[in-house]
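Asks: Model the structure of this input:
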Amino acid sequence: MNVLKRVVITGGTGALGRAIQRRFLAENWDVVSFGSKNPELSNDESMNCFFDRNPCDLLICAAGIVRDQPLARLDEEVWDEVFHLNYTFAKRCSLAAIPGMNQGSQVLFISSYAAIHPGVGQSAYATAKAALIGLTKDLATHYGPNGIRVNAIMPGFMETPMTREVSMKRKQAIRESHVMGQFNTPDIVAEFIHVLHERMPFTSGQLFQLDSRT
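Replies: The predicted model follows:
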């Protein structure tokens, strides 16, 4: 009898989170998905209890926000909000989930191209997403001997509700920076995540850039 596998997705209410849900539900996974303000994850105690009840084979940390502002005008509270949701929340989730993981399980962080090539006004967002890359390397080294993988992806720019406010002029400039002149879609990214987990069992500590920017 096959044991049902479980994926936990933070940020599951966004376009990418919903695409990931669809992909894994199609393979009969148990999918646990929630937004960034789930009361069950409001502090370390509740988070530990949540993952005790929901041990997972795959944790995907996709929760994130963008609050772009020039650094000189960036309010400290805004910086803290951006850093907390994009980095600290992901770190806390991973450290709560890993003790319940078995060999072959994986933590996947959703980083960003901004982590290595930040745009104007993206200092807080870029810093948080870059920190995820460092966390990926550290956790992969620490938990690799236990057979637990930790990776990160940079999905690339996607036309989703999160990027709806980006001007058409800016979108065109971003598109022109892609050597193939195309954006990824959430479904394409979800397919890569499925392949990474199911068909690349010995890949860990890696950062995957999924678009065609050089």
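Asks: Could you give the number of residues near the closest residue to residue 159 other than its chain neighbours?
Replies: Nearest residue to residue 159, sequence neighbours excluded (C-beta to C-beta, 6 or more residues apart in numbering): residue 183, at 6.1 Å. Glycine gets a C-beta too; all of them are placed from N, C-alpha and C. Residue 183 is flanked by 19 other residues according to other C-beta atoms under 10 Å.
Asks: now swap in residue 104 and tell me
Replies: Counted with other C-beta under 10 Å, residues neighbouring residue 104 total 13.
Asks: ok so it is a strand residue?
Replies: No: Residue 104 is assigned coil when assessed by DSSP: H, G, I helix; E, B strand; the rest coil, not a strand.
Asks: in stretch 67-80, what's buried?
Replies: By 16 or more other C-beta atoms under 10 Å, the buried positions in stretch 67-80 come out as 67-69, 74, 79.
Asks: And it, how far out from the chain middle?
Replies: Centroid separation between stretch 67-80 and its chain, computed with C-alpha atoms, centre = their mean, to the nearest Å, is 22 Å.
Asks: Quote the end-to-end distance of it.
Replies: Separation of the first and last residues of stretch 67-80 by C-alpha to C-alpha, to the nearest Å is 11 Å.
Asks: what does stretch 92-111 give?
Replies: This stretch, stretch 92-111, spans 16 Å end to end (C-alpha to C-alpha).
Asks: ranges for the strands of this protein?
Replies: For the chain, strands defined by DSSP state E occupy the ranges 6-10, 30-34, 58-61, 106-110, 149-154, 207-209.
Asks: Direction included, what does the longest one pair against?
Replies: When pairs are called by DSSP bridges, strand 149-154 turns out to pair with strand 106-110 (parallel), strand 207-209 (parallel).
Asks: taking those together, which one is wrapped up most tightly?
Replies: Among the strands paired with strand 149-154, strand 106-110 has the highest mean neighbour count (mean count of other C-beta atoms under 10 Å), at a mean of 26.
Asks: the inter-axis angle of that strand versus strand 6-10?
Replies: Between the axes of strand 106-110 and strand 6-10, defined by axes from the mean of the first three to the mean of the last three C-alpha atoms, to 10 degrees, the angle is 20 degrees.
Asks: Now tell me which helix or strand of the protein has the poorest mean pLDDT.
Replies: Ranking every helix and strand in the chain by mean pLDDT, DSSP states H and E puts helix 76-83 at the bottom, with a mean of 90.
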